[in-house]
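Peer 1: Next one to model:
(one chain, ligands or ions: 1)
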Amino acid sequence: MSNQAQSSSGLTRRTLLKAGSAAAGAVALGGCLSSDDGTDSGGADVSKAFGNCWMCSHNCGQEVTVVDGSVVNITGVDGHPRGSAGPGTEGTLCPKGLGQQDKTHDPKRIKEPHIRKNGELQKVSWEEAFEFTADRLVSFADEYGEETLLDATSWAETPIFSTVWRELYGTPERISRGIHVCAGPTFVTGGMMGVGSNNRVPDYQNSDYIIAWGRNQLNSFAGQFEAKGTLEAIENRGATLVTIDPQHTITAEKSDKWLPIEPRTDGALALAMANVIIEEDLYDQEFVENYTHGFDAYKEAAADMPPEDAAEITGIPAEDIREVARGFAEAAPRAGISVWTGTAQMGNGWKATQNITALNGLVGNIDRPGGLRLWEYASTASFGEVCEMDYTNRAQFKEPAITKYEEYSDYPVRHITDIAHNLVPEMVDNGHINGIVVHHDDPLKDGNAEEWVRAIEEMALVISIDAYWNGVSRNADVVLPEATSLEKDTLGTGNWSAYPNHKWVTGGKAAVDPQWNTKPDFDILTGIASAMAEKTDNDDWRIFEQWDSHEDFIDDQLSTLDLTLEELSSGEKNYELVEEYDYEKWKDNDNFVFRFDLDQVGSFAQAAEEAGMSTAPEWIPPGTYGDSTSDEYPLEFYDVRSVFFSHGSNQPQERLQDHFAKRNDLNEEDYRGNYLHINPEDAEARGIETGDMVTVESKTGSGELMAHVTENARPGFVTAEYGFGETSATPDGEGMNTMTLHDKQMDPITGQVDRHIAVDVKPEGGD
Ligand code: SF4
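Peer 2: Numbers count the residues shown, from 1 in each chain. Alright, predicted model coming up:
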């Protein structure tokens, strides 16, 4: 391991735990706070509020200090389920979460509602915007059919988005960000195998052996409990951390062992580990015999992959494979695999994640302390439960185009769920999608960007609900400027958290009024509904009139827990642990079965058969689906997330960009885009040094990035962070939309966008 790799971050447990409060302190107005600690506020109007961070939709708790209407400080909430390591530990916010402060007061935000008149976007009042939206929705339904409007409202914290677009308006069409853009193979295989589609995170604090498989969980996580829980396990239990990743990440740096795997060969490594565990009788025979299905088929696949064969495929020495397999099995059931996007976003991702998930069943770590916890949600009341009006679900009478039309029969994905992201441009060409409503998302960053740009331009109606101008909002017919999470009431319930034995709920009130002329999403949706009620004489649209405010609606949802938002957020914290639950719940569930082989799942088995895959664990080499490297494009490119940026929507914040440049030792450079991380061997062969501008080219497109030469990238593998360049909130800034390199490749079962692309890299202007 290089010195550069060792020193690239300097992250320690304390620096991580303290990062939130230190950075927050740096932006506070020193000395003029506050009234409750006895300090003279100098006559200023000082207030505090609790809220939840939605910058990555994982709602870490936040305490906000406001002076004269401006947010001056933001910190975490101690003990918070998502923002701390559990009881008695400090709650913080990650750099992106802290960025909410800048975002809220950012003059680059969309400040007014806009509608397109005579080809131009023009500022209008909210009333005019709602009326225009309703008019266009009515005429769109008459001309094209409401079923051809695509619902692209991802990661919404207000559960009425699907009520408005699906049930009231009547579109059955949705692009599912989770299944097709984030980690479809992990979600789908988890659900089919019996451990749930959303139970993929280990019980970190209680684990003795954690494998971060294709995940940089100390830098790109789902709430900070993940990073903190992992570090707690190392510190308190002496847990072993292993990272399997082509890139030497911050997580690899903190690991006992880094396995720099050849990209897209994870499925072979998982089968080889199973080979060792079965051969050496290290598996949980009692669990396998009594609670699983398809072990014989799994055993056969594992027998075909001895570690020596896997070493050839993966580049990981056979003795390392044996060591990790034994360590994992011997620590079980206090052993967990953290698998998510890294192994999912590739053409053979479905099978790779099945092979990896199978290891959990093999060692019997299912829902046991330190293993793969089957997390549970708190039972707040659903929309249907709190709605006192009957209404018609109009979408249920419409057949989605993906299954209705023969054109899509070649896509096995039609059997799974929703429209695959990469199919949308083709469906626009075929006239089966004619409009879109997008909330807080940039689909132009998540798959064949050029085709998506064209599709957005061709659509008859584009509605954007967002805080920033981007590739969608700039091309929209209606732009509805959304409040940030500091400007609205929030309610969050989650499953995985720092409390493996408790369901929990978290909530808070708006810290400041919406800045400029913006509105919370709840108010935007109810405004559209009221306008639709006037235009259509359909009283179903009046269902939101039963709530005076979002807080009323939240209180109704909390009624099952005998709580109100006021009670939840008026004390020293903004969360409640509401119900305790045990491990090994499957022991009381007669229907539980852990499936190694998915042949029991009818529709899934059909999709697999059409794709020519076995339903059992199986090794599928890279290139069977998706791109292959070649003499012309010899490097494997993969775009990645960073804790500084996510969802392609936060990069305009200069402070985050500065931090990010510093993290990469490039803060002296006059460049604030994403970087091309390349191994010294590959860089030298091309005459490239750190700080050089380079051209990255695939068979589909090209773009320019600044090079960061680092041994953190294995030879033959290059990466860049996504979310920058063309179509972003700063399209004229530095950086590149990495999806301009992309050519529609996807996992054939789930439709997940495959982000592995064959490229070459040349010095700028070179040939
Ligand atoms: S992990 Fe960071 S961005 Fe995500 S909710 Fe927590 S503080 Fe916000």
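
Peer 1: The closest residue in space to Gly315 that isn't next to it in sequence: what's it in contact with?
Peer 2: In this structure, Gly315 finds its nearest non-sequential neighbour in Glu262, 4.4 Å apart by C-beta to C-beta, 6 or more residues apart in numbering. For the C-beta atoms, the positions are set from N, CA and C on the backbone; glycine is no exception. By C-beta atoms under 8 Å, 6 or more residues apart in numbering, the contact list for Glu262 reads 246, 313-315.

Peer 1: Tell me which entries of those residues lie within helices.
Peer 2: 313-314 (DSSP state H).

Peer 1: possible to save the contacts of Glu262 as a markdown table with distance to the ligand?
Peer 2: A markdown table is the format used below for the contacts of Glu262 (distance: C-beta to the nearest ligand atom, whole Å):
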| residue | distance to the ligand |
| --- | --- |
| Pro246 | 24 |
| Ile313 | 35 |
| Thr314 | 31 |
| Gly315 | 32 |
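
Peer 1: Out of the contacts of Glu262, which is nearest to Gly623?
Peer 2: Ile313 (12.2 Å; C-beta to C-beta).

Peer 1: Contact residues of the stretch 201-350 of the chain facing the ligand?
Peer 2: 221, 223-224 (C-beta under 6 Å from any ligand atom).

Peer 1: Model confidence score at the spatially most central residue of the chain, please.
Peer 2: Against the mean C-alpha coordinate of the chain, by C-alpha atoms, centre = their mean, the closest residue is Cys182 at 5.5 Å. We have a pLDDT of 88 for Cys182.

Peer 1: So which of the contacts of Glu262 is the closest to Ser702?
Peer 2: For the contacts of Glu262, the nearest to Ser702 is Pro246 (22.3 Å; C-beta to C-beta).

Peer 1: so who does that closest one touch?
Peer 2: With contacts defined as C-beta under 8 Å, 6+ apart, the neighbours of Pro246 are 260-263, 636, 638, 713-714, 717.

Peer 1: What sits closest to whatever residue of the chain ends up closest to the ligand if chain neighbours are left out?
Peer 2: Proximity to the ligand, evaluated over the chain using C-beta to the nearest ligand atom, is greatest for Gly97 at 2.5 Å. Leaving aside its sequence neighbours, Gly97 sits nearest to Cys53 (C-beta to C-beta, 6+ apart; 4.3 Å).

Peer 1: right, and the helix or strand after the longest helix seen in the chain?
Peer 2: Counting residues, the longest helix found in the chain (DSSP H) is helix 126-143. With elements assigned by DSSP states H and E, the helix or strand that comes after helix 126-143 is strand 149-153.

Peer 1: what's in contact with stretch 566-575?
Peer 2: 49-52, 61, 63, 77-81, 504-509, 551, 558, 576.

Peer 1: before we move on, the earlier item: confirm that the residue of the chain closest to the ligand sits in a strand.
Peer 2: No. Counting by DSSP: H, G, I helix; E, B strand; the rest coil, Gly97 falls outside a strand, being helix.

Peer 1: Tell me, how many residues neighbour it?
Peer 2: Gly97: 29 surrounding residues under other C-beta atoms under 10 Å.

Peer 1: so who does it touch?
Peer 2: Applying C-beta under 8 Å, 6+ apart, we find Gly97 in contact with 20, 53, 55-56, 60, 62, 74.

Peer 1: Kindly recompute the last result at 10 Å.
Peer 2: Going by C-beta atoms under 10 Å, 6 or more residues apart in numbering, Gly97 touches 20, 23-24, 52-56, 58-62, 74, 76, 83, 223-224, 485, 643.

Peer 1: And the strands in the stretch 401-550 of the chain?
Peer 2: All strands of the stretch 401-550 of the chain, identified by DSSP state E, counting those that start in this stretch, fall at 435-439, 461-466, 478-481, 490-494, 502-508.

Peer 1: in what helix or strand does the nearest residue to Met706 once chain neighbours are set aside lie?
Peer 2: Sequence neighbours aside, Tyr671 is the residue nearest to Met706 in space, at 4.8 Å (criterion: C-beta to C-beta, 6+ apart). Taking DSSP H and E as the definition, Tyr671 sits outside all helices and strands.

Peer 1: Thought Met693 was touching Tyr671, still the case?
Peer 2: Yes. Contact criterion C-beta atoms under 10 Å: Tyr671 and Met693 qualify, at 8.0 Å.

Peer 1: and for these two, which residues touch both?
Peer 2: Joint contacts of Tyr671 and Met693 (C-beta under 10 Å, 6+ apart) are 705-706, 734.

Peer 1: min pLDDT across those residues, which one?
Peer 2: Lowest confidence among the shared contacts of Tyr671 and Met693: Glu734, with 90.

Peer 1: Helix or strand: which one has that one?
Peer 2: Per DSSP H and E, there is no helix or strand for Glu734.

Peer 1: For it, list the residues it contacts.
Peer 2: Glu734 touches 657, 669-674, 693, 704-706, 724-725, counting by C-beta under 10 Å, 6+ apart.

Peer 1: Give me the spatial nearest neighbour of it, chain neighbours excluded.
Peer 2: That would be Gly673: by C-beta to C-beta, 6+ apart, it lies 3.3 Å from Glu734.

Peer 1: which bits of the chain sit near the ligand?
Peer 2: Residues of the chain lying near the ligand (C-beta under 6 Å from any ligand atom): 53, 55-56, 58-60, 83, 93-94, 96-97, 221, 223-224.

Peer 1: residue ranges with poor pLDDT in the protein?
Peer 2: 1-41, 646-650, 765-767 (pLDDT under 70).

Peer 1: can you count the residues close to Met389?
Peer 2: Based on other C-beta under 10 Å, the number of other residues close to Met389 is 11.

Peer 1: try the one 5 residues further on
Peer 2: Here the count is done by other C-beta under 10 Å, and Arg394 has 18 residues near it.

Peer 1: What of Ser559?
Peer 2: The burial count for Ser559: 14, using other C-beta under 10 Å.

Peer 1: circling back: name only those of the contacts of Glu734 that count as buried.
Peer 2: 657, 671-674, 693, 704-706, 724-725 (16 or more other C-beta atoms under 10 Å).

Peer 1: Just the ones of those residues in strands?
Peer 2: 693, 704-706 (DSSP state E).

Peer 1: Which pair in the residues you listed has the greatest spatial separation?
Peer 2: Glu704 and Met706 (8.3 Å).

Peer 1: Between these two, which contacts overlap?
Peer 2: Shared contacts of Glu704 and Met706, counting by C-beta under 10 Å, 6+ apart, come down to 673, 676, 693-694, 734-736, 764.

Peer 1: now the strands for the stretch 601-750 of the chain?
Peer 2: Remark: strands assigned in the stretch 601-750 of the chain by DSSP E, counting those that start in this stretch are 635-640, 675-678, 693-697, 702-709, 717-721.

Peer 1: is it possible to export those to CSV including distance to Ala449?
Peer 2: Shown next, in CSV, are these (distance: least, C-beta to C-beta, whole Å):
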stretch, distance to Ala449
strand 635-640, 12
strand 675-678, 17
strand 693-697, 14
strand 702-709, 10
strand 717-721, 14
